[in-house]
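# sequence-free structure coming up:
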């Protein structure tokens, strides 16, 4: 192992872990595109805006079943694993790992704040950064205890929401579930306008997500998933060290998650998309996401083990190695296409067309990531992040 005090060089990276991160990053866009291209209320209730019949319904259904809450779950688990990977690497090199962790996390939060308030209210970086400051305190727990604390975190949301559903019912979310038509139309007009006009929605929405939204939801879900990811890392699951049989079991578990998610769609359809049924439907989404994310984990590990140098593995790993850059690049591309300071297509792109946009971005990001890493060690944002973390310029070109 290298004793270089800087970042982990490409030769020592875990390809399967990078490939898994790349899949998660690409998959997140399947859901993020909804709120890039349409009012944010469609994330909670997809029936409130746009055509929801025929091919557009099936475009939503496929994205929902295979993507909603699944890839962000996988990404959060990998972020948790990354915390331990970073700290262990720095400790091995005799560095002050905790100080470097806090420093890099503060930089992450700063970038996230700029991302949220200048570009897109759906930012996840701030939530990740703040949560990382908390979960690092659990780093010395053995894997079983890490997983146990993670499960306790994760139980908070369904317990609270089921209590609300049983006591208050649909009235608790009625205003969010069925927003006023005027509010929807105003949001469409706002994002078809210029950058300054968009601040009227972006700033309060970002603030809400980073305060009450974070305390009531994101902290528990993100924190719990990060802790599970830390346990999986310690168990060797995320690094591809476990048996083929274990990863096959995870794939089988993914089928269970798929069935739970599909059952949720059947349930909400049977209840005619009512607010009263929505709180229960959310539990199908939430619970089903974890086993299905595990299924994706198993598939990637099995494939990477079989084809470690195959084009799919290398393509996903390249995206994973430049995930920070690619996450922000997705925002830049999407806001340019959909917002008024760009092409102004907000609210006018069907769900089928949104899938076409996603596919185009995927193709571009895979190709660009592979080509970029032929000449450079890191993505451009990763390079800035590392340079600021270590307080000195990091070598960028592969020949440096």
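Noted; the coordinates are in hand. All figures in this text were calculated on a predicted structure; none of them were measured in a lab.
# list the contacts for residue 48?
39, 41-42, 178-179, 184 (CB atoms under 8 Å, 6 or more residues apart in numbering). Yep, even glycine has a C-beta here, placed from its N, CA and C like the rest.
# List the buried residues in stretch 213-221.
214, 217-221 (16 or more other CB atoms under 10 Å).
# nope, stretch 338-356 is what I was after
Here stretch 338-356 shows 338-340, 345-347, 349, 351, 354-355 as buried, counting by 16+ other CB under 10 Å.
# Can you name the two of these that sit furthest apart?
340 and 355 (22.9 Å; CB to CB).
# Tell me which of the buried residues of stretch 338-356 fall in helices.
338, 351, 354-355 (DSSP state H).
# follow-up on the earlier one: which of the contacts of residue 48 sits closest to residue 366?
residue 42 (27.1 Å).
# Report whether the expected contact of the closest one with residue 49 is present.
Yes: contact criterion CB atoms under 8 Å: residue 42 and residue 49 qualify, at 5.3 Å.
# Tell me where the stretch 151-300 of the chain has helices.
Ranges of helices within the stretch 151-300 of the chain are 174-177, 181-191, 195-210, 212-213, 219-234, 244-270, 275-306, based on DSSP state H, counting those that start in this stretch.
# low pLDDT regions in this protein?
For the chain, the stretches with pLDDT under 70 are 1-12, 400.
# Tell me which residue is most central in it.
residue 72 (3.1 Å; CA atoms, centre = their mean).
# which residue packs closest to that one, ignoring adjacent ones?
Closest residue to residue 72 apart from its sequence neighbours, by CB to CB, 6 or more residues apart in numbering: residue 28 at 5.8 Å.
# Where does the one you found fall, secondary structure wise?
For residue 28, the host element (DSSP states H and E) is helix 15-37.
# so after that helix, what's the next helix or strand?
helix 54-67.
# Next, the buried residues of that following helix.
Those would be 56, 59-61, 63-65, 67, for helix 54-67 by 16+ other CB under 10 Å.
# Need the residues you listed in a markdown table (columns: distance to residue 260).
Formatted as a markdown table, these follow (distance: CB to CB, whole Å):
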| residue | distance to residue 260 |
| --- | --- |
| 56 | 24 |
| 59 | 21 |
| 60 | 18 |
| 61 | 15 |
| 63 | 17 |
| 64 | 13 |
| 65 | 10 |
| 67 | 15 |
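# what number of residues lie near residue 47?
Using other CB atoms under 10 Å, residue 47 has 15 other residues around it.
# was I right about it contacting residue 272?
No: when contacts are counted by CB under 8 Å, residue 47 is not listed as touching residue 272 (9.8 Å).
# If you rank the contacts of residue 48 by neighbours, which is first?
Most crowded among the contacts of residue 48, counting by other CB under 10 Å, is residue 39 at 23 neighbours.
# The spatially closest residue to it that is not a sequence neighbour: what's it in contact with?
Sequence neighbours aside, residue 187 is the residue nearest to residue 39 in space, at 4.5 Å (criterion: CB to CB, 6+ apart). Residue 187 makes contact with 39-40, 201 under the criterion CB under 8 Å, 6+ apart.
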